[in-house]
Structures are given as C-alpha cells and as structure tokens.
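Q: Build me a structure from this.
(chains A and B)
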Amino acid sequence: MIRRLAALLAALATTPALASTTAPAPLPPPYTAAYQPQGVDEIGLWKEMDEDERVLASSPILIRDEALNAYVRGVLCATVGAARCKAARIYILRTPLFNASMAPNGTMRVFSGLLLRVRSEAELGAVLGHEFGHFEQRHSLAAFKARRSGTDILSWGAVLAGMLPYAQGAYNFQTMQISVYGRLARFSRDQERDADLHGIGYLNGSTLRPQSAAMAWRNVMTEAERAAAARGQAHPRFDRVPYLASHPCDAERAETMAALAIPDGVGRDDGAARYAAALAPWLPQFLDDQIKLNNFGASDYLIGMLGEHGATASLWVARGDLYRARGYPRDLVSAAEFYANAIALDATLPGAQRGLGLSLLKTGRRTEGIEALRRYLQLEPTAPDAAMIGMLIATAGPGQ
Amino acid sequence: MKRARVIAAAIGMAALCHQPAAAQEHTAVKAGFTLPANSGKTILVFRPTVRVGAQSTGGIFEPNGDWTDRARANLETALAARQAALGNIVQPAPAAFGEEARLVEEYQALFGALSRAVIEYQFFRGNRLPTKKRENKAGVFDWSMGSGVARLPGARDADYGLFIYDKDAYGSTGRKILQVFAALGPGIAVKSGEHAGYAGLVDLKTGDIVWLNADMAMGGDVRTTEGAHKRIGQLLEDFPGSTAATPPPAGLAK
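A: Reported below is the predicted structural model:
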C-alpha cells in the first residue's frame, strides 16, 4: 500500500519535459532601483534578514579578500546590469558545497563550493542571476505567505478531524497533510523554475554566453555520477524528483536552461579565461576544503575537470592529497607519484614536499621521505606543523 | 502488606505528578558568587537580541519590524531606568569594528548556545548531563565561556558583561480563535503566543557565567513602555547586587 502510494506520488511529482517547446527567456523588464519593503510581512522579513546580515558580516567563514569579492560582484553586474546589481550585497562564504542563496533584503550568499565548480563567468552569472531573480520577484515573501496559509489550513484541519468519530478523521487529516506539504514543495519548485527563467533572461540581455548555464548543471550531474560510482552506489536519477523536493530535477533544469538561451548568444564570450585567472589564487584552498569532504569520486572529477587544459603544480598536489587522504597502500604509491609531478613543475611548493615525504615514509622509502620533509621545513620553517614534522624526521622508524 | 504497597504506589504517583512543577528552575548563581550592592563594579551590556512578531494560526513566527523596533527601544529605556536599582555601574558595550566586531559576534553566539545548554541540561533537573554528575549532585552551577572573553572590546575596563535575549510571538486573532475552537471541540490544548527571554552575567576576566535567568513564559508586553519595564524587571529578577528588586506577581504574567 505504502509502496503503491509512493509510486503514485512520484508519478504526480514528475513534470513533463518542457524543454522542447520553450521559447528563449525574455529580456529583463525596466528596473526600479532602491526597492523598499511594503506591508507588515515584508517589512518584518527584511528586518529579520537585516539582523542576520549583521551577524553574517562578522562571520568567521566569510572570505574578505577584496579582489575576489570585487570580481564576483563584477560578474553579477555584467549579468543583471549596473542598476540591478546595486541592490545586492554579496557575501562569499567558505563552504565547500555547490550553492548560493538570496535573502529578501538583498543579501546574497555565495558558497566557495560554487566558485570551485563553475568554469566561466557565464556559468557563475547564470547562478547569480537565478538568485537575483528570486530577489526581484520577491519569492521569499510569497513562499512565507504560502507556508503560512498551508499551516493555517492544516491546523484547522487537525481541529475538525479531531471532532470526527472513529479513525476516519485521522485518515482524512493525513491525506490533507500529504496534499498540503506536496503543494508547498511544488510551489517552491515553481519558484525555482521562475528564477531560472529570470536568470537566463538576464544572461540573454548581457554580453555573456547564455548557453553556458546548462553546462554548469550537466557538470553537476556528472559529478554526482562519479561520486556514486566511487562509492559503488546505484546510478543517481536526474529525471525525477522526490515528492517533497524543493528544486526541479537537474536534468530538467539543464534542458530548460539550454532551451531558454537565445540562439544568437552562442557566439559570445563566456569569460572562462578571466574566471580561471581570478580564481587561481583561491583554488588550492577551495580544493583542500573539497578534499576534506571525503567524497573521492566528486573530488577526483573536479580536479580532473580543472586540469582539462593541462594540470598545474597545485592541481597535482590536490590530487596527491586526495589519494593520500583515502590512504590505501596503492593510493600512497599514486600520491607519491602525483607529488613528484607537482615538484617537477614547481620545486618550491612546500605542500608538495610535505605530501611526498609523508607518502614515502608510509610506503617504506624512509631515506627519500626524510629528504622531502627536510626540504619542506627549509621552504616553510614557520609552518604550524614544523615541530611535529621535525620529530618525524628525528624518529621515523623503518617505515610502514 | 497489600495496603502498604498501594500507598507506596500512590506516593510514587504523587511524586511523579508533582515533579514537573518543581523540576524546572529558571535562575542560577555560580557557587560562592556574591555581588554586594553599590560595590562599584562596572557591567557592560552587549546589544540585546530582540525578535518580536506574531504567531500565525498554524503556529509559525511572523516577524514584525515595527514591533521589533519599538520593543528594542522600550527595552533599552527600561534597562537604563533600572540601572540605578541594580546598584552598580551599568553601561553599553562600546561600538566594535573589524576583528573586534567579529569577536563580539562570536561571543554573542557562544552565550546563546551556552544558555540554551544550561536551560536544557541544568534547569531541567531530570536532564542534567552525566558528564557534570558530581556538580549536579551538589547542585553546583558551573558553566564558563572561557577566559577569551577578556579580549572583548571594553572588557579591560569592566568587571562583568550582561547578555540579553528576547523573543516574543503574540498569538494572532486566528490563533486565538483556533485555541478556543480546539478547546471546545475536540478538547485539544493549543498554545497561543511565545514569550521567551534570558539574561546572563559573565565574569569578563574568567568567562564564568556567574548568574543566569531564563524564562520561557514571560510577562509584560514589550511593545509598550510599561510592559517593557515589567519585562526587564522579570528578566533581571534576582540580579546579583540589585537593591530594589520588585518582581511583579507571577499570576499577572501575560
């Protein structure tokens, strides 16, 4: 019974693919700057978000690098236009997940995991434009009102059901609950579709290539496939969503975005080279955070994708760290090789010498390992782990 | 024999029924801590966390910007008016920027987490943490934020820090109607409104929480001047070193 119900709900939740019939997203309408909240609900929400923003501005995970902040802001402005981008305040958070969010008062949170995953200004612009779409369409307010009416209906339902005799009341109430929560989830998915439409609309009206938006979603799906494969899990499904999903499925989003992009835009620049240059100083840090998520398949895929046009020394170090963190004996042999590749490109990277030394020690090549660790301490005598590494050099046994 | 067992069972039941009323404490002072009135100590007040709104029919919090603004202003005025009665020098914490502002924010968050832990694991007797068993047996209140508080801006020239949290959700008309119908119809008890507040005094040298008062059902309408005075009075009830504590009768709360 439950299984049949679940199947029915899954079928209801799947939406027909609309990609083939979708027209390109319209260009953004004229914009009124400095919007102020109206009505009790909106003013109340903004007030809460203003308090949140006060805390956010002092957050220890905020990335305060001026160059990176100015660059991300520049991409938002290039996407939504100079008038609109004044309404948003961007906060880059050191969180290794693919996400961004927008509060109704114009607070935009961008996760470092998003910056690690997108490959060009156009892809980043698509996500930032999507978030700006939520803001311009006042989605948070509408979602709050929907949630409030939904829970209002449910509480009256609970009272009335309590007055019905036998089990009928409880059964009816359960059905009602499933339907109300289902509607709220669908409402949220529709808002996301609307934000996607606006995001691509901004890109269509910009100088960036709107076709790139779909790329970001295809890459996300590939990453999920690799993650599942490395763990020996079943192939993930991208063509349908769970009943209570807040977002449409990835395949639908990729297809819709591709269809929403204006065909003339295909010849435009996507800003991939500028993006790579702006992110370069932060890549080692973002990769390190990603590796610590202990998701081998996904991290390996991301490192591979970043090195598509030739691996750099820091990418070799990242791959070495990834293998060394998993730490099977065969991984340590591979890790030593990756660190050696990094050193061949740049012999002054302390992280490469450290990783090489530690991997070699564990695979029984003690003398070479200690040499590498010595080079590490020479390159970075004030490293936080200098004392510990010094002790390893002095006392390292016969390895393994 | 049988009769004795029945009586024992009855007493057991009575004890069980009685427990909840006595179990929840809402104020505590660190063992051995005294702050005599007019001892000339300086107390820094950090920016209070204030959230005021309505409770919808379904029970979700509906933030209200106007009420929050009014409540913040009212509470600040009421606190200032009460300073003299607290018997010490009470002054607002200095404005902080950059790294210092981050530090203040972190300690505000830490105080919030710690107070919630105290309410959950100390004030509910039955919930006391096993790792703090020995102190629990002796009824000792021993919680600390760590000596890092000494780095807070203004901490060098002060002795104690006062943190205040307040959240009010006033039951909407819809919620009240639901409450009546639920009670009359199926006999379900629906709670209307939420009025929680806590205030804590921290030693700015050691970081120890020397006094904490937490009440999840407070009185006084913070949207009005008189209500805010009553609320501050309740929040700072039993405040160490206060000279003219006049807590309002508990029955009149709400």
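Q: Any idea how far stretch B:205-214 is from the middle of the chain?
A: Averaged C-alpha coordinates place stretch B:205-214 at 12 Å from its chain's average position (CA atoms, centre = their mean, to the nearest Å).
Q: Pretty sure B:Asp168 is one of the things B:Gly219 touches, is it not?
A: No - using CB atoms under 8 Å, B:Gly219 makes no contact with B:Asp168, being 10.9 Å away. Bear in mind the C-beta positions are built from the backbone N, C-alpha and C, glycine included.
Q: Compare those two (neighbour count), which wins?
A: Per other CB atoms under 10 Å in any protein chain shown, whichever of B:Gly219 and B:Asp168 has more neighbours is B:Asp168, with 27 against 19.
Q: Please name the residues that touch that one.
A: Residues near B:Asp168 by CB atoms under 8 Å, 6 or more residues apart in numbering or on different chains: B:Arg51, B:Val52, B:Gly53, B:Trp67, B:Ala71, B:Gly193, B:Glu194, B:His195, B:Ala196, B:Val222.
Q: cutoff 6 Å now
A: By CB atoms under 6 Å, 6 or more residues apart in numbering or on different chains, the contact list for B:Asp168 reads B:Val52, B:His195, B:Val222.
Q: The last one belongs to a strand, doesn't it?
A: In other words, B:Val222. No - counting by DSSP: H, G, I helix; E, B strand; the rest coil, B:Val222 falls outside a strand, being coil.
Q: got a pLDDT number for it?
A: With respect to pLDDT, B:Val222 has a value of 91.
Q: The one residue in the stretch 1-150 of chain B that gets nearest to chain A: neighbour count?
A: Across the stretch 1-150 of chain B, the shortest distance to chain A (CB to the nearest CB) belongs to B:Gly58, at 2.6 Å. By other CB under 10 Å, the residues close to B:Gly58 number 21.
Q: now the one 4 residues further on
A: Around B:Glu62 sit 18 other residues, with neighbours defined as other CB under 10 Å.
Q: so what's the closest residue to it other than its chain neighbours bridging to?
A: Nearest residue to B:Glu62, sequence neighbours excluded (CB to CB, 6 or more residues apart in numbering or on different chains): B:Ala54, at 4.4 Å. Going by DSSP bridges, B:Ala54 is paired in beta bridges with B:Glu62, B:Tyr170.
Q: could you list every residue that touches B:Ala54?
A: With contact taken as CB under 6 Å, 6+ apart, B:Ala54 is in contact with B:Glu62, B:Tyr170, B:Ser172.
Q: Would you check how far apart the second one and B:Arg51 are?
A: B:Tyr170 is 12 Å from B:Arg51, where distance means CB to CB, to the nearest Å.
Q: hang on, B:His161 in a strand?
A: Actually, residue B:161 is Gly. It isn't His. Yes - applying three-state DSSP, one finds B:Gly161 inside a strand.
Q: who does it bridge with?
A: Here B:Gly161, judged by DSSP bridges, has bridge partners B:Leu44, B:Val202.
Q: Around A:Leu197, count how many other residues there are.
A: Quick note: A:Leu197 (other CB under 10 Å) scores 18 neighbours.
Q: need the strands for the stretch 151-254 of chain B, in chain order.
A: With DSSP state E, counting those that start in this stretch as the criterion, the stretch 151-254 of chain B has strands at B:160-171, B:194-203, B:209-215.
Q: Remind me what the second one packs against, helices and strands.
A: Looking back up the chat, that one is strand B:194-203. Strand B:194-203 is packed against strand B:160-171, strand B:209-215, with contacts defined by 3 or more CB pairs under 6 Å, 6 or more residues apart in numbering or on different chains; DSSP states H and E.
Q: follow-up on the earlier one: need the strands of the stretch 151-254 of chain B in a markdown table with mean pLDDT, can you?
A: Shown next, in a markdown table, are the strands of the stretch 151-254 of chain B (pLDDT from 0 to 100):
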| stretch | mean pLDDT |
| --- | --- |
| strand B:160-171 | 92 |
| strand B:194-203 | 90 |
| strand B:209-215 | 89 |
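Q: Which residues are in contact with the residue nearest the centre of chain B?
A: Closest residue to the average C-alpha location of chain B: B:Tyr198 at 1.8 Å, with CA atoms, centre = their mean. Under the criterion of CB under 6 Å, 6+ apart, the neighbours of B:Tyr198 are B:Ser115, B:Tyr165, B:Ala214.
Q: On the pLDDT front, check residue 142 for me.
A: You didn't say which chain, so I picked chain A. On pLDDT, A:Ala142 comes in at 96.
Q: The intended chain is chain B.
A: Looking at B:Asp142, its pLDDT stands at 84.
Q: Let me know how buried it is, in neighbour terms.
A: Look at B:Asp142: counted by other CB under 10 Å, it has 15 neighbours.
Q: Which of the three states applies to it?
A: Recorded secondary structure, B:Asp142: coil (three-state DSSP).
Q: Which residues of the stretch 151-254 of chain B lie near chain A?
A: By CB under 6 Å from any CB of the partner chain, the residues of the stretch 151-254 of chain B that approach chain A are B:Leu178, B:Phe181, B:Ala182, B:Gly185, B:Pro186, B:Ile188.
Q: tell me which of these is nearest to chain A?
A: Using CB to the nearest CB, B:Pro186 is the member of those that lies nearest chain A, at 3.0 Å.
Q: burial count for that closest one?
A: As a burial measure, B:Pro186 scores 15 neighbours (other CB under 10 Å).
Q: Who are the contact partners of it?
A: Here B:Pro186 is in contact with A:Gly162, A:Met163 (CB under 6 Å, 6+ apart).
Q: Any chance of the backbone angles for it?
A: Main-chain torsions, B:Pro186, degrees, to the nearest 10: phi -80, psi 0.
Q: Would you mind measuring from it to A:Gly157?
A: Separation of B:Pro186 from A:Gly157 (CB to CB): 12 Å.
Q: Mind putting the helices and strands packed on strand B:194-203 into a markdown table with distance to A:Asp196?
A: Shown next, in a markdown table, are the helices and strands packed on strand B:194-203 (distance: least, CB to CB, whole Å):
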| stretch | distance to A:Asp196 |
| --- | --- |
| strand B:160-171 | 35 |
| strand B:209-215 | 45 |
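Q: ok, back up a step: the residue of the stretch 1-150 of chain B closest to chain A falls within a strand, correct?
A: No - counting by three-state DSSP, B:Gly58 falls outside a strand, being coil.
Q: Secondary structure class of the residue in chain A sticking out farthest from the centre, three-state.
A: Farthest-out residue of chain A from its mean C-alpha position, per CA atoms, centre = their mean: A:Pro165, at 49.7 Å. Classification of A:Pro165 by three-state DSSP places it in coil.
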